[in-house]
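S.K.: what's the 3D shape of this:
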Amino acid sequence: MDLFINILLLFSACVGGFLLPLTVVNRLFSWLSDSKFKAFLEVLLYLLSFIIPVWLCWAAYSQDRTILSSLSAAPVLFLGIAPLWMTFAAYTCSDIFTHLKGKPVIPEASISQSTCPYQMRPEDPGIFMPAMNRIYQLDRTLLRIEIDGLNPGLRGLRFGHLTDFHLGKHCHRSFLKHAVDLIMAEKPDLIGITGDFVNFRKYMDDCFDDLAELAAPLGIYAVRGNHDYWVGADLIEQRIEALGFVLLDDKTLELHKDNHPFILSGTEQRWKKDPPDVDHFCSDSSLLKIVLAHTPDDFPLLVGHNPHLVICGHTHGGQVCFPFFGPVVVPSVYGRRYASGLFKEKESLLYVSRGIGCYPPFRMLCNPEITIVEFV
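M.R.: Next comes the predicted model:
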């Protein structure tokens, strides 16, 4: 019995030691602006998430003592390991509760997906763990939303969504072009891009040369993400506007399809030091209202302004998901709550896309995606 208890204690401490640094990255680091110092801290915590379990196993083995006897002899060790057990217990209880509760049904929306994988070429860079790595298994997601009281002239409105290119070595021009071709094949009425265009400035030309192929009758609109502010928000703005796209930097526009009006808004306040500017969201309007945001962290603020749909990216769906457990790293102050998919609060819907690119270049059980929203 003691052996079983010690194995359980060691296992839970190791899992907690893996999850605790990631929890800090997910929730606390989401408040910090991107910088080299933040990147250094993130890498350090990622390393700790692997080092702590290895150290615990090595300590238990090399000292030839059980966890119980070690803790009884060293209260300081107990105080150090107790947060790891608490983290393990919190995640376990949360997962059990989530799976028992089940995913809420949203009757006014339906989602269908098909995979349109990118065919790698000989000149493409090799990928890490190709048998498991899904970075090129691009999904096409069709989200159909039925809205009570929708202007009949807006039924059939198709909105294309692209996000989180992170153009670089692995999410390269050919893969981005593959995504652009797929979205254009859907013939959207308008297209929204919700940020994180490139990882580094040297990929700017490649990114916007490919995006120049986008076209839609009602226009192409964009907001910037945290990586764009790190790379250079002004440079990204110049490139967006040079293509004739509209930067929705905390703006609201009234658009028209066949003389039938609807509202399109954007927000970037998550990445600014100023207080959020929410006066432009037209919360009293009875028109169809769509909001572009980079992060789902904006959703609770926006719900009070009654948008019909908020669409964003940022989380990459976690990139790495485990069976039953789900996503591991989700950069959000809400943890894994809005990792990916469709959510509803009050009368507002939120769709969180897994995005196109990845950073770092590895996805497991979490395909990239493009999204088409059709209002019916």
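S.K.: could you pull out the helices in this protein for me?
M.R.: Under the criterion DSSP state H, helices of the chain are mapped to 2-23, 36-62, 67-73, 75-101, 173-185, 204-211, 226-242, 299-303.
S.K.: of those helices, which is nearest residue 350?
M.R.: Closest to residue 350 of the helices of the chain, according to Cβ to Cβ: helix 299-303, at 4.7 Å. The C-beta positions use only the backbone N, C-alpha and C, and glycine is treated the same way.
S.K.: re earlier: want to throw the helices of the chain into a markdown table with mean neighbour count, distance to residue 345 and mean pLDDT?
M.R.: Shown next, in a markdown table, are the helices of the chain (neighbours: other Cβ atoms under 10 Å; distance: least, Cβ to Cβ, whole Å; pLDDT from 0 to 100):
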| stretch | mean neighbour count | distance to residue 345 | mean pLDDT |
| --- | --- | --- | --- |
| helix 2-23 | 17 | 23 | 85 |
| helix 36-62 | 14 | 29 | 86 |
| helix 67-73 | 15 | 43 | 64 |
| helix 75-101 | 13 | 16 | 80 |
| helix 173-185 | 18 | 28 | 96 |
| helix 204-211 | 18 | 32 | 95 |
| helix 226-242 | 18 | 23 | 94 |
| helix 299-303 | 19 | 5 | 90 |
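S.K.: can you lay out those as TSV showing distance to residue 335?
M.R.: As requested, these are exported to TSV (distance: least, Cβ to Cβ, whole Å):
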stretch	distance to residue 335
helix 2-23	7
helix 36-62	15
helix 67-73	28
helix 75-101	9
helix 173-185	28
helix 204-211	30
helix 226-242	17
helix 299-303	13
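S.K.: so for residue 192, which of these sits nearest?
M.R.: With respect to residue 192, and counting by Cβ to Cβ, the nearest of these is helix 173-185 at 10.6 Å.
S.K.: let's see that closest one as PDB, backbone CA atoms only.
M.R.: These are the backbone C-alpha positions of helix 173-185, laid out as PDB (Å, rounded to 0.1, in the frame of the first residue of the first chain):
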ATOM      1  CA  ARG A 173       4.900  31.300 -48.500                       C
ATOM      2  CA  SER A 174       3.700  28.200 -50.200                       C
ATOM      3  CA  PHE A 175       1.600  27.100 -47.200                       C
ATOM      4  CA  LEU A 176       0.200  30.600 -46.800                       C
ATOM      5  CA  LYS A 177      -0.700  30.600 -50.500                       C
ATOM      6  CA  HIS A 178      -2.400  27.300 -50.000                       C
ATOM      7  CA  ALA A 179      -4.600  28.900 -47.300                       C
ATOM      8  CA  VAL A 180      -5.300  31.900 -49.400                       C
ATOM      9  CA  ASP A 181      -6.400  29.700 -52.400                       C
ATOM     10  CA  LEU A 182      -8.700  27.800 -50.100                       C
ATOM     11  CA  ILE A 183     -10.400  30.900 -48.700                       C
ATOM     12  CA  MET A 184     -10.700  32.400 -52.200                       C
ATOM     13  CA  ALA A 185     -12.400  29.200 -53.500                       C
END
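S.K.: which outside residues touch it?
M.R.: 116, 118, 121, 124, 136, 138, 140, 160, 162, 165, 167, 191, 206-207, 209-211, 213-215, 356, 368, 370, 372 (Cβ atoms under 8 Å, 6 or more residues apart in numbering).
S.K.: now it against helix 204-211, angle please.
M.R.: Angle between the axes of helix 173-185 and helix 204-211 is 30 degrees (criterion: axes from the mean of the first three to the mean of the last three Cα atoms, to 10 degrees).
S.K.: about what we covered before: buried subset of the contacts of helix 173-185?
M.R.: Buried residues within these, defined by neighbour count using 16 or more other Cβ atoms under 10 Å: 118, 136, 138, 140, 160, 162, 165, 167, 191, 206-207, 210-211, 214, 356, 368, 370, 372.
S.K.: mind checking which of the helices of the chain is nearest residue 265?
M.R.: Nearest to residue 265, of all the helices of the chain, is helix 299-303, at 8.6 Å by Cβ to Cβ.
S.K.: contacting residues for residue 137?
M.R.: Residues near residue 137 by Cβ under 8 Å, 6+ apart: 115, 117, 118, 363, 367, 368.
S.K.: now do the contacts for the closest residue to it other than its chain neighbours.
M.R.: Closest residue to residue 137 in three dimensions, ignoring its sequence neighbours and counting by Cβ to Cβ, 6 or more residues apart in numbering: residue 367, at 4.6 Å. Contacts of residue 367 were listed using Cβ under 8 Å, 6+ apart, and they are 115, 134, 137, 138, 139, 354.
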